[in-house]
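[1] 3D model of this:
(one chain, ligands or ions: 2)
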Amino acid sequence: MVTKIVKAYGDHEKDEELMKLAKEIICSGGLVGMPTETVYGLAGDALNPESSKKIYAAKGRPSDNPLIVHIADIEALDKIVEEVPETARRLAEKFWPGPLTMVMHKSEKVPYETTGGLETVAVRMPVNEIARDFIRSTSGYIAAPSANKSGRPSCTTAEHVYEDLNGEIPLIIDGGAVGIGIESTIIDLTSETPCLLRPGYVNLEMLESVLGHVDVDPSIGGVISASAHPKAPGMKYKHYAPKGELYIVEGPEKRVIERINSLAAEHEAAGERTAVIATEETKDYYKCRVIRSVGKRSDEISIAHNLFAVLREMDELNVSTIYTEAFDTPAMGMAIMNRLIRAAGHKIIKTED
Ligand code: TXA
Ligand code: MG
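    Ligands and ions are numbered 1, 2, ... in the order given. Below you'll find the predicted structure:
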């Protein structure tokens with residue numbers, strides 16, 4: 001199969017031909033690479049079980065890991081959930097359209113192939129204009145996991161989608177680099193107390209400003225033991241991992257720099273290609289040959305925005321060992337570290353004063 005990449009403008013009239021093509025593909029059960037404000041998605045018709053099966057096959061994803069259903073208008077919600085909880089209405093008012101996914105009880109319209117066998121469905125209304133036009137122009141209910149191959153860092157550009165899915169899908173819509181760069185926040189609204197399942201741009205404080213106390217799934221950021229069952233099934237899998245061994249070095253800035261420099265020097269002396277992931281503020285203090293800045297500590301959005309691209313770049317650089325600073329930034333730190341800890345397979349080196 002030939003994979004076409006077509007540029008979108010985010011304007012309904014200019015994108016009309018493209019959306020017609022997308023509709024043909026989606027409504028005949030095919031898949032399309034779609035930009036959103038968080039990461040690129042691998043889109044299929046959420047109400048067609050055959051499309052969802054194709055998504056799992058293309059991603060190489062275990063079929064017990066449910067897909068998020070994307071809608072473009074709030075009216076679309078009623079058809080796919082049993083009942084819209086009052087908490088969902090309040091959150092939607094504040095954060096939709098946007099990078100927030102809500103888990104609710106599903107209606108019979110949603111096939112189990114889409115929900116990975118669960119009685120609940122995760123729903124999100126993206127704010128990206130191209131995504132909304134795409135959803136409205138096609139089936140109105142778009143299942144879209146992140147467009148990476150299972151286990152790889154999520155895709156933040158159309159080129160990343162091409163890297164992972166070339167030859168497997170007919171169309172990638174190129175909406176340029178995404179804005180946020182980290183997947184949506186997921187909140188479960190089916191339990192008595194709402195529970196944060198995956199941290200994202202909409203952080204705990206923002207959620208609690210609307211809902212009052214929100215529980216946090218213990219698997220977030222923590223070590224996942226074999227007996228822990230994260231409520232978002234996707235969180236139990238190894239994810240985002242570059243091919244090289246990635247280590248997070250935590251602690252006071254000066255100590256972190258010293259430790260990374262000495263570890264990198266040992267590896268380089270042994271002839272191993274080694275890289276450091278740093279920030280604009282710290283990059284000049286490293287002596288390693290390969291140094292990449294992920295963004296500015298003073299602008300944490302830039303770190304979220306570049307994180308997956310930098311992890312992907314590590315594969316191109318063919319490095320066998322990677323040391324990264326930790327990024328416990330104030331608003332998005334929980335979301336950034338949740339991804340980084342998974343990418344590192346929980347390998348964390350702590351330094352002290
Ligand atoms: O930002 C995003 O959410 C992106 C873009 C494309 O919208 N999508 C995305 O999808 O990140 P994916 O499939 O890579 O991650 C979805 C996560 C998985 O961890 C999955 O287990 C969880 O959502 N999930 C989906 N449905 C669920 C449900 N009914 N209950 C609990 N977790 C669910
Ligand atoms: Mg994903």
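[2] quick one: the strands in the stretch 101-250 of the chain?
    120-124, 142-143, 171-174, 185-188, 195-198, 215-216, 245-250 (DSSP state E, counting those that start in this stretch).
[3] Could you report the separation of the residue lying closest to residue 211 once chain neighbours are set aside from ligand 1?
    If the residues on either side of it in the chain are set aside, residue 211 comes closest to residue 194, at 5.4 Å by C-beta to C-beta, 6 or more residues apart in numbering. To be clear about C-beta, it is placed using only N, CA and C from the backbone, and glycine gets the same treatment. From residue 194 across to ligand 1, the span is 13 Å (C-beta to the nearest ligand atom, to the nearest Å).
[4] Could you report the neighbour count for residue 194?
    By the measure other C-beta atoms under 10 Å, the count of residues near residue 194 is 24.
[5] again, but for residue 272
    By the criterion of other C-beta under 10 Å, residue 272 has 14 neighbours.
[6] Contact partners for it?
    Applying C-beta atoms under 8 Å, 6 or more residues apart in numbering, we find residue 272 in contact with 320-321.
[7] any idea how far residue 287 is from it?
    Computed as C-beta to C-beta, to the nearest Å, the residue 272 to residue 287 distance reads 15 Å.
[8] How about residue 47?
    Residue 47 sits 55 Å away from residue 287, going by C-beta to C-beta.
[9] Compare neighbour counts for those two and give me the winner.
    Neighbour tally, residue 47 and residue 287, criterion other C-beta under 10 Å: the higher count belongs to residue 47, 19 against 13.
[10] which residue sits closest to the more buried one, ignoring its sequence neighbours?
    The shortest distance from residue 47 to any non-neighbouring residue, by C-beta to C-beta, 6+ apart, is to residue 141 (5.2 Å).
[11] quick one, phi/psi of the residue located most distally from the centre of the chain?
    Ranked by distance from the centre of the chain (C-alpha atoms, centre = their mean), the top residue is residue 269, with 36.1 Å. Dihedral pair for residue 269: phi -60, psi -30, per degrees, to the nearest 10.
[12] Just the local confidence number for it, please.
    Predicted confidence (pLDDT) for residue 269: 95.
[13] quick one: it and ligand 1, what's the gap?
    From residue 269 to ligand 1 the distance is 39 Å (C-beta to the nearest ligand atom).
[14] what's residue 287 in contact with, if anything?
    Residue 287 touches 261, 264-265, counting by C-beta under 8 Å, 6+ apart.
[15] Could you rerun that using 6 Å?
    residue 261 (C-beta atoms under 6 Å, 6 or more residues apart in numbering).
[16] ok, now the one 4 residues further on?
    Each residue near residue 291 by C-beta under 6 Å, 6+ apart is listed here: 276, 278, 283.
[17] Which of the three states applies to it?
    The assignment at residue 291 comes out as strand when based on DSSP: H, G, I helix; E, B strand; the rest coil.
[18] could you dump stretch 130-149 to CSV, C-alpha only?
    The C-alpha trace of stretch 130-149 is given here as CSV (Å, rounded to 0.1, in the frame of the first residue of the first chain):
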residue,chain,number,x,y,z
ILE,A,130,-8.2,19.8,11.3
ALA,A,131,-9.1,17.0,13.7
ARG,A,132,-12.6,18.5,14.2
ASP,A,133,-13.2,18.9,10.5
PHE,A,134,-12.0,15.4,9.9
ILE,A,135,-14.3,13.9,12.6
ARG,A,136,-17.3,15.9,11.3
SER,A,137,-16.5,15.0,7.6
THR,A,138,-16.1,11.3,8.2
SER,A,139,-18.2,9.2,10.6
GLY,A,140,-18.5,11.5,13.6
TYR,A,141,-17.0,8.9,16.0
ILE,A,142,-13.3,8.4,15.5
ALA,A,143,-11.3,5.9,17.4
ALA,A,144,-7.7,7.1,17.6
PRO,A,145,-4.8,5.8,19.6
SER,A,146,-1.5,7.6,19.3
ALA,A,147,-0.2,6.8,15.8
ASN,A,148,3.1,5.3,16.9
LYS,A,149,3.9,1.6,16.7
